[in-house]
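Q: What follows is a protein structure lacking sequence information:
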């Protein structure tokens, strides 16, 4: 029994050189050895989970939002936000905070092609070096890739269509150029995204008799363009990196609606422009574990939302917002002798954010916040134990005013401790216990008093400028084995939690964000890989093999149970299930099936889940051609057309239904243009994270 139990944890480990253990040894002289490390589909570390997007065809075939919804343990809901294993996510792009949420975040991720992403990091236990404002957890979208000593070019296209109620086309194209010379390395990535999509929304009042408040169909046309540039200069051991990114979305929606005492036919247009510039200097020393980093970042987000009636050509909404964010930080770390070995990290941060909104050219919110922070963290090893102890101090000054009243100020100095204890049973099998205190500052999109989405006579949305920060106490215990298998439990205690809340009065529904005094979120989760060869070859033969996950057939199973305790209502928990199966067909065709299901009958904050949520069955087939320079994938998402949302609002008679045309069929191709340099044929799955990446 013990042997069978350990097998489930060891079957998907990654040896450096994969070979049958029964292969006889030979007496040959080896002139050169090149050791490489391949990417892992899912990698669980003590503080984060890493998902490889670039080589997973079932994740990178559509938009980033569509790919995120397939990740085991992640919930993405229009009414309750984005959450991973019970923790609200603060979204970063290339390790820099986006500072947006809600509808703006959804629109941004829907306008970003998934094939522009290299990997997703979900940092479930951010330590002292991360800003205390990371809240419960961080979702870090990594798009950058490393350049080699040759010009490489990769073209990617993904095209698909939906056929639910009508034919709608979606396509995106991108090209990535990398090069390096003896002076510098450069990267240029440019792409576009075009999506035709439909969304059906129904809102009902079920107090005594059912009254239809709103029933709408929105035909959406999403057009996005982006460009990312990077320059890297090496100075002996040191490195300087310059980045500039720009995103532009121009989205149009034609919405027809009917409901209690109204009929409508409306047109809305949203223009979103984001640009970000960053300067990074990495000071390196003879000891590769000693480092000093400087980072300065400036980001600007500008949004225009216009909404008019096509029945009478009357302008209904004209709302704009502008956000400027400045960030400077210094991080230093070096090894020191603590017990068997150790490391100390210290750093400082200063940032400012300025946000203003206008409605009909009248400024109705001026908001600013300043954060100054320092941190100190120690890491140590002793025998089979790893220790992390740290603390972070942050000083906040938040102020502003609407066009009528000043905001409630927040001027406080706070201390945020963190501690982690890990016991290593054997290499790659460990028990981890963690505690940290964090804060989440309200996102500017939640503060925005203006409606930036659809509204009609009976349904309206707006932010709340007087939202206060949320303080989190996060506890977690987890057993992990060989990156894939794990069992974990965590609880987050959130004081002043920001949540969406619906109110209803005289058949009029209003949706906004409020602070709730305290919410406790309990989350139990388990992930387990199961190779299919266990059933065909038996336990004894299976134990003789080492494995590369790109070459075997397996089933990855995830299950999670979550309970959210609210202060004024009795709540029920819900289960989250995800199954991902990979089968290698003849001719090395990879067949991947992904099934997701969230049970009904539970509470997601102040919403009761009436029908299964995130219910979807997806298929994909992929194969590499032309010496692995061309990868072609065929996919079908939500083939049963079951992915929809049905919520009732706790404390009100409001019932919400939402359905999008999530069933889609299409293909993706990725073509690496050939070059005369032999290195250009290198496996794109190799990791090159070290500065000495060009040395064999």
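A: Received it, and whenever you're ready, just let me know what you need. These numbers were taken from a predicted model, which means no experiment stands behind them.

Q: Can you give me the buried ones in stretch 395-411?
A: 396, 398, 400, 402, 407 (16 or more other C-beta atoms under 10 Å). No exception for glycine: its C-beta is placed from N, CA and C like everyone else's.

Q: What's the separation between the second one and residue 158?
A: Spelled out, it's residue 398. 41 Å (C-beta to C-beta, to the nearest Å).

Q: cool, and residue 454?
A: To residue 158, residue 454 is 28 Å away according to C-beta to C-beta.

Q: how about the strands in the stretch 301-450 of the chain?
A: With DSSP state E, counting those that start in this stretch, the ranges of strands along the stretch 301-450 of the chain come out as 314-336, 341-359, 362-382, 385-402, 410-426, 429-440.

Q: circling back: compare neighbour counts for residue 454 and residue 158 and give me the winner.
A: A side-by-side neighbour count of residue 454 and residue 158, using other C-beta atoms under 10 Å, places residue 158 first with 25 against 22.

Q: From what I see, the more buried one and residue 171 are in contact.
A: Yes: checked against C-beta atoms under 8 Å, the pair residue 158 and residue 171 is within contact range at 6.9 Å.

Q: Helices of this structure, start to end?
A: 2-10, 64-68, 102-110, 444-447, 533-542 (DSSP state H).

Q: Can you tell me which of the buried residues of stretch 395-411 is closest to residue 528?
A: Among the buried residues of stretch 395-411, residue 396 lies closest to residue 528 (C-beta to C-beta), at 42.2 Å.

Q: Quick check: bridge partners of residue 219?
A: residue 198, residue 254 (DSSP bridges).

Q: Report pLDDT for it.
A: Predicted confidence (pLDDT) at residue 219: the value is 96.

Q: Tell me the bridge partners for the residue nearest to the spatial centre of the chain.
A: The centre of the chain sits closest to residue 139, judged by C-alpha atoms, centre = their mean, with a distance of 4.2 Å. Beta-bridge pairing of residue 139, defined through DSSP bridges, involves residue 91, residue 122.

Q: Quick check, it in contact with residue 89.
A: Yes: contact between residue 139 and residue 89 holds when scored by C-beta under 8 Å: they sit 4.3 Å apart.

Q: burial measure for the nearest residue to residue 334 once chain neighbours are set aside, as a count.
A: Counting by C-beta to C-beta, 6 or more residues apart in numbering, residue 334 lies nearest to residue 290, which is 4.0 Å off, once chain neighbours are set aside. Neighbour count of residue 290, defined by other C-beta under 10 Å: 14.

Q: and residue 290, what is it in contact with?
A: Remark: with contacts taken as C-beta atoms under 8 Å, 6 or more residues apart in numbering, residue 290 is in contact with 284, 333-335.

Q: Kindly recompute the last result at 10 Å.
A: The neighbours of residue 290, taking C-beta atoms under 10 Å, 6 or more residues apart in numbering as the test, are 283-284, 332-335, 343.

Q: Out of these, which is nearest to residue 651?
A: Each of the contacts of residue 290 was checked against residue 651 using C-beta to C-beta; the closest is residue 333, at 48.8 Å.

Q: If that closest one is in a bridge, with which residues?
A: With DSSP bridges as the criterion, the beta-bridge partners of residue 333 are residue 291, residue 345.

Q: Next one, pLDDT for it please.
A: Confidence per residue is given as pLDDT, and for residue 333 that number is 94.

Q: For residue 266, see how far away it is.
A: From residue 333 over to residue 266 (counting by C-beta to C-beta), the distance is 54 Å.

Q: In terms of neighbours, single out the busier of those two.
A: Each of residue 333 and residue 266 had its neighbours counted (other C-beta under 10 Å), and the higher figure belongs to residue 266 (22 against 18).

Q: Quick one: residues contacting the closest residue to the more buried one other than its chain neighbours.
A: Spatially, and ignoring its direct neighbours in sequence, residue 266 is nearest to residue 255 (4.8 Å; C-beta to C-beta, 6+ apart). The neighbours of residue 255, taking C-beta under 10 Å, 6+ apart as the test, are 199, 201, 216-220, 264-268, 307, 310, 454-456.

Q: Mind doing that once more with 8 Å?
A: Residues in contact with residue 255 (C-beta under 8 Å, 6+ apart) are 216-219, 264-268, 454.

Q: same thing with residue 487?
A: Taking C-beta under 8 Å, 6+ apart as the criterion, residue 487 is in contact with 478-479, 525-526.

Q: same check, this time on residue 295
A: So, once contact is read as C-beta under 8 Å, 6+ apart, residue 295 ends up touching 278-280, 327-331.
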